[in-house]
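Undergrad: predicted coordinates and the sequence they were generated for:
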Amino acid sequence: MIFNLELIKTKDAERVIFNIFSMYPRCIGGIFTILDTGSPRTIISAADAFRLKIPVNGLEDSRPACGFGRGGIPCKILHNFKFNIKSPDNKTRLVEMPVHVVDITALKKMNKDLIDNAFKVPSVIGIDFLRSQKLKMIVDFENDSSSYLEELK
Amino acid sequence: MNQEEIILQKFDTFENGSKFISENFQNLQKNYGDKFIAVKEDKILFNSDSFETLLEKLKKFQLNDIIIQFIPVKGEIILY
């Protein structure tokens, strides 16, 4: 089974995109994620957490998400997040794995610059996803249709 | 349509929006650089300098079906 990747190909912003679809109860909807092999963990952004109303109250704190030029963004860990991934022939696979979700409640108590920056950061799907789902990644910037995730044999 | 088919249809709609962003990113950077955009299928519903203002404009919409993205002019995304 393979799962297509999309590529953004501009000079200053080449990116690998992978679409997932949240099946978490009462938070059904798509999430546009950047596939980031430099990130050990999957992080649901502030904008997506807000948009899908992912409940974070009562969840365990996790290490804040950090990036260049930004302060730490407060996160919680959602141990049993559920989402679908879809193959080109419309077969879905339900994934259940821990993800880190930006803690909107804590974020809103922070300074305005940090809040504004946090909402600009997209959701990221990390190495934890590839490892837990036993997927390998093929990326070919010369040929869009040759970029995909494939199950390890 | 059963529940599974409805989910699949919503997933397709979402993927169309995502493809629209990926394929048109250069134009989006030109026209909406450093702004937030709200996309459904191949349409930009609204754009705004701030997430809050964009939400105001989206008041009547079901947010689950919409992609909201910030369009960076350049720069890296590094999270860990």
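TA: Nice, thanks for sending it over.
Undergrad: what's the neighbour count on residue 1?
TA: Defaulting to chain A. Under the neighbour criterion other C-beta atoms under 10 Å in any protein chain shown, A:Met1 is assigned a count of 12. (Glycine included, C-beta is placed from N, CA and C.)
Undergrad: not what I meant, chain B
TA: Per other C-beta under 10 Å, the neighbour tally for B:Met1 reads 8.
Undergrad: over to A:Val139?
TA: The burial metric for A:Val139, expressed as a neighbour count using other C-beta under 10 Å, is 15.
Undergrad: what distance do you get for it to chain B?
TA: Here the distance between A:Val139 and chain B works out to 13 Å (C-beta to the nearest C-beta, to the nearest Å).
Undergrad: one more: A:Pro25?
TA: According to C-beta to the nearest C-beta, A:Pro25 stands 13 Å off from chain B.
Undergrad: may I ask which helix or strand encompasses that residue?
TA: Following DSSP states H and E, one finds A:Pro25 outside all helices and strands.
Undergrad: okay, now the sheet partners of the helix or strand harbouring A:Lys136, with direction.
TA: For A:Lys136, the element it lies in under DSSP H and E is strand A:135-138. Under the criterion DSSP bridges, strand A:135-138 sits next to strand A:148-151 (antiparallel) in its sheet.
Undergrad: which parts of the partner strand are buried?
TA: Of the residues in strand A:148-151, A:Tyr148, A:Leu149 count as buried by neighbour count, 16 or more other C-beta atoms under 10 Å in any protein chain shown.
Undergrad: now that strand, how far from the centre of its chain.
TA: Using C-alpha atoms, centre = their mean, to the nearest Å, we find the averaged C-alpha position of strand A:148-151 to lie 17 Å away from the chain's own average C-alpha position.
Undergrad: give me the contact list for that strand.
TA: Contacts of strand A:148-151 with the rest of the structure, by C-beta atoms under 8 Å, 6 or more residues apart in numbering or on different chains, involve A:1-5, A:18, A:130, A:133-138.
Undergrad: got a winner among those for most neighbours?
TA: Of all the contacts of strand A:148-151, the most densely surrounded is A:Phe18 (24 neighbours; neighbours counted as other C-beta under 10 Å).
Undergrad: measure that residue to A:Asp103 for me?
TA: Computed with C-beta to C-beta, to the nearest Å, the distance linking A:Phe18 and A:Asp103 is 24 Å.
Undergrad: packing partners of the longest helix seen in chain B?
TA: The single longest helix within chain B, with elements called by DSSP state H, is helix B:3-23. If you count contacts as 3 or more C-beta pairs under 8 Å, 6 or more residues apart in numbering or on different chains; DSSP states H and E, helix B:3-23 packs onto strand A:6-8, strand A:15-22, strand A:29-35, strand A:70-86, strand A:92-102, strand B:35-40, strand B:67-71.
Undergrad: among the contacts of strand A:148-151, pick out the one closest to B:Lys57, please.
TA: Of all the contacts of strand A:148-151, the one with the least separation from B:Lys57 (C-beta to C-beta) is A:Phe18, at 27.7 Å.
Undergrad: what sits against that closest one?
TA: Neighbour list for A:Phe18: A:Phe3, A:Leu5, A:Glu6, A:Thr33, A:Ile34, A:Leu35, A:Ile85, A:Ile125, A:Leu149 [criterion: C-beta under 8 Å, 6+ apart].
Undergrad: residue contacts, the closest residue to B:Asn16 other than its chain neighbours?
TA: On the basis of C-beta to C-beta, 6 or more residues apart in numbering or on different chains, the spatially nearest residue to B:Asn16 that is not a chain neighbour turns out to be B:Glu41, at 4.8 Å. B:Glu41 makes contact with B:Thr13, B:Asn16, B:Gly17, B:Phe20 under the criterion C-beta under 8 Å, 6+ apart.
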